[in-house]
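**Q** Sequence first, then the predicted structure:
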Amino acid sequence: MESFASVQEALEKKQGGFRLRGWVYRHRVTKNAVFVLLRDSTGVIQCVFKPDNPDFQKASDLYIESSVIIEGEVRPDERAPGGAELKAEKLEVVCNREPFVITKDQSTEFLMDVRHLSVRAQKITRAMIAREKMMKYFREFFEKEGFHEVFPPIFTVAGAEGGATLFEVPYFGKKVYLSQSAQLYLEALIFSLEKVYSLTPSFRAEKSHTSKHLTEYWHLEAEMAWWDQEKNMDFQERMISYVCQKMAENEKALLEYFGRDPADLKKVEPPFPRMSYDEAIEELQKKGFDIEYGDDPGAPHEEALTKDLDKPLFIHSFPEDMKAFYMQPDEKNPGKVKAADMLAPKGHGEIIGGSERIWDKDLLEKKIKEFGLDPKAYEWYVDLRRYGSVPHSGFGLGTERTLKWILDLPHIRDVVPFPRTVNRYYP
């Protein structure tokens, strides 16, 4: 027992001597034994101290979340978590200062106030591991498709999505903004690398109190030279399907922990259903919603359109004045733009927004004026259309919303270690 071993290694071997270090996850004292559920980053194992153990009293006095090192023999036990338990021989207490502040049945507000401690919960721990796996598969897909990962700035002089939701930041006597999107900078990089993607934080000053909104989130974005919107949507389908298939094949235990049937994700295969904005409005009106042409569908509408679906739905061909200034008008469908939002099934909401970008300089300048934007802030962006401009497309994916859907969780805070919302910025 000279070297440390992880809980997962002990559970896999189910025999032999181990020296485990971790934190007290659960603690129960009886006359005949002290049961300590020990956790580390790999799992949880039950450790049993009998009355004849010299450290029996020390084990009895442990608090939840105390840090300890326990030595003993691992043996199979079907009744124990993971099918094995450790018969404790020696206990070394690293830190056992005071009772843990989190007990059963605490309010959500309290748990958010002590998020620096509640992140230790198994649910959040496993959600973070699931997020790590999901991002691994996204990166894997981009690499297979020949994309280059790039690293755009967070300070910007202009917004990709308009000024109303920008966070202003003082910058050495000047005024800049936190990035809403890396898109404009990714567009600059397609002229050298052609197919690029980035994973960066984005910031939106939206006063939205919903289960899907954050003011800070991690944005997976891509831009592709020479691609039209149809190729863009086909790529998004294949990307989402790839990640879902990988999660279903390789992360069954994680999915099942959250009550998610891996078979449900296996159904996420191209083609995804597609519906124009006009068709969506008509369908919602048939379902009894008070919504008119030109209205922006919200959460109840998205749920109504996707509640019976097994895979995401594209809503495409939006009116020009509903979408951003940089989106390419559809010459075959006047008044519409070549853009689409991908809505996750079962009401989880929009997970991707994408479009073909305006690549003509004169049209882009016209749109900047029509949208009331400051032309000076976008001079560099217009420059991209002066020298070798080409048709191109791109999209942005909200990683937290995507994981919320993949794990089928009720609230976006369940997949974020430290959520930033309208009324929460601490801790």
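**A** Perfect, thanks for sending it.

**Q** which intervals of the chain have sub-threshold pLDDT?
**A** Along the chain, segments meeting pLDDT under 70 span 1-3, 162-163.

**Q** Recalculate using a threshold of 90.
**A** The model of the chain has pLDDT under 90 over residues 1-4, 81-82, 158-165, 206-210.

**Q** domain assignment for it?
**A** 7-95, 115-415 (automatic domain parsing).

**Q** The longest one spans what distance, first to last residue?
**A** Across domain 115-415, the terminal residues are separated by 13 Å (CA to CA, to the nearest Å).

**Q** quick one, strands of the stretch 201-350 of the chain?
**A** 216-225, 274-276, 313-316, 339-344, 349-357 (DSSP state E, counting those that start in this stretch).

**Q** and residue 94, which of the ones you listed is closest to it?
**A** The closest of those to residue 94 is strand 216-225. By CB to CB, the value is 33.3 Å. In this view, the C-beta of every residue, glycine as well, is placed from N, C-alpha and C.

**Q** in its sheet, what does the closest one sit against?
**A** Sheet pairing for strand 216-225, assigned by DSSP bridges, gives strand 195-203 (antiparallel), strand 392-398 (antiparallel).

**Q** right, and the ones you listed - which one's nearest residue 336?
**A** It's strand 392-398; of those, that one is closest to residue 336 (CB to CB) at 15.7 Å.

**Q** Strand 339-344 and that closest one, what's the angle between them?
**A** For strand 392-398 against strand 339-344, the angle by axes from the mean of the first three to the mean of the last three CA atoms, to 10 degrees is 30 degrees.

**Q** Kindly export strand 392-398 (C-alpha atoms) in PDB.
**A** Provided in PDB are the C-alpha atoms of strand 392-398 (Å, rounded to 0.1, in the frame of the first residue of the first chain):
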ATOM      1  CA  HIS A 392     -19.100  32.100 -47.000                       C
ATOM      2  CA  SER A 393     -21.300  30.800 -44.100                       C
ATOM      3  CA  GLY A 394     -21.000  30.100 -40.400                       C
ATOM      4  CA  PHE A 395     -22.800  29.300 -37.200                       C
ATOM      5  CA  GLY A 396     -22.700  29.600 -33.400                       C
ATOM      6  CA  LEU A 397     -23.600  26.800 -30.900                       C
ATOM      7  CA  GLY A 398     -24.400  27.300 -27.200                       C
END
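
**Q** and the angle for the helix or strand just after it with strand 195-203?
**A** Toward the C-terminal end, the helix or strand that comes next after strand 392-398 (DSSP states H and E) is helix 399-407. Calculated by the same axes, to 10 degrees, helix 399-407 forms an angle of 100 degrees with strand 195-203.
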